[in-house]
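Asks: Got a sequence here, can you build the structure:
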Amino acid sequence: MGLLRRHFDRRLWLRGRGCAATWWRGFYPGNSKPHEQTHSLRPHHYDSALTIMTPGPSGTGKTLAAEALGYDLGSPLKVVNSSSLISKWVGESAKNIEAVFDDAAAAGAVLVFDEAEALFGTRGEGGGGAGRHDTANVGVLLQRIATFPGVVVAITNLRDAIDPAFDRRFSHIIEFPKPDRSLRLRLWRKLLPKECPRDDDLDEAALASRYELTGGQIRSAVLRAATRAVLRPLADRRLKMADLTKASDEETEKGGSSGSLGSASMYS
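Replies: Modelled structure (predicted):
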């Protein structure tokens, strides 16, 4: 697990550096995003699935880690909003689960379940119909995970809500905690490139101490502050400390909420 964590850490910092170097130059010129870099997309096949659960608060880099893993493997990502697979109709949830695994296997994709607690959550108690259907869905998931010829990543903000039956099915469980002050300072400095126009009083250390933000919140604050800066007259188009404190206050107030994914998406 330590080796995998260091591998993820290295990739995350490299990707963070790439984002920071491009935001001031037009926010990904030419619509080029980190996950759209060109590389060979050869399907990878394994004797058994590599299964990873990444629990942790929102904005700590869980999805970014999955992207980095797919990039390293040269494989596309199939990202699934887990709650969208659950149907009120008997048997439909199992069919949806089967279809997702079939599509990912055919494409040689890394299969990523976002908000995994909706699908991997604790089964309903009692002998009613809902409990039986939950048990059937878990059975399908366990069987497909065990036979999937690739990589499965389950992302969750609610570790305690995951059914214990899945614990031994994950070969790696990697916690993504909120960053401490030292890590927040590194994130601010990575996401604020020296070459961007800025006021002399811009203080990343003060921001790291004052705001207990996650990496995702820091990135959002930087982009929001940069947008304010580029909308000002040319003579005043530089990043100010006030831009960053206002954006950080806004991130703190909204609690780092972000838009939801669609039911399923695939990109390479």
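
Asks: Any idea how many residues pack against Gly91?
Replies: Gly91 has 11 neighbours, counted by other C-beta atoms under 10 Å. No exception for glycine: its C-beta is placed from N, CA and C like everyone else's.

Asks: Please tell me the pLDDT value assigned to it.
Replies: With respect to pLDDT, Gly91 scores 76.

Asks: distance of Ala105 from Ile145?
Replies: 12 Å (C-beta to C-beta, to the nearest Å).

Asks: can you check Glu175 too?
Replies: Per C-beta to C-beta, Glu175 is found 20 Å from Ile145.

Asks: So if I had to pick from these two, which one is more boxed in?
Replies: Shown here are Glu175 and Ile145; by other C-beta under 10 Å, Ile145 has more neighbours (19 against 13).

Asks: Wait, a strand at the more buried one?
Replies: No - secondary structure of Ile145 (DSSP: H, G, I helix; E, B strand; the rest coil): helix, not part of a strand.

Asks: doesn't Val153 make contact with it?
Replies: No - using C-beta atoms under 8 Å, Ile145 is not in contact with Val153, being 11.2 Å away.

Asks: what residues do these two have in common as contacts?
Replies: Thr51 (C-beta atoms under 8 Å, 6 or more residues apart in numbering).

Asks: where along this structure do the helices fall?
Replies: Assigned by DSSP state H, the chain shows helices spanning 2-23, 62-73, 92-107, 117-120, 129-147, 181-191, 204-210, 215-230, 241-254.

Asks: Adding distance to Leu85, write those helices out as a markdown table.
Replies: Listed next are the helices of the chain as a markdown table, based on distance: least, C-beta to C-beta, whole Å:
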| stretch | distance to Leu85 |
| --- | --- |
| helix 2-23 | 26 |
| helix 62-73 | 18 |
| helix 92-107 | 4 |
| helix 117-120 | 6 |
| helix 129-147 | 9 |
| helix 181-191 | 33 |
| helix 204-210 | 39 |
| helix 215-230 | 24 |
| helix 241-254 | 28 |
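
Asks: who wins for proximity to Leu158 among those?
Replies: Proximity to Leu158 (C-beta to C-beta) singles out helix 117-120 among these, at 4.4 Å.

Asks: Can you tell me what sits against the closest one?
Replies: By C-beta under 8 Å, 6+ apart, the residues outside helix 117-120 that reach it are 82-83, 85-86, 97, 113, 137, 141, 154, 156-158, 161-163, 166.

Asks: what's the closest of those residues to Gly121?
Replies: Taking C-beta to C-beta as the measure, Gly121 lies nearest Ala161 of the contacts of helix 117-120, at 4.9 Å.

Asks: Okay, the closest one and Val79: tell me how far apart.
Replies: According to C-beta to C-beta, Ala161 stands 20 Å off from Val79.
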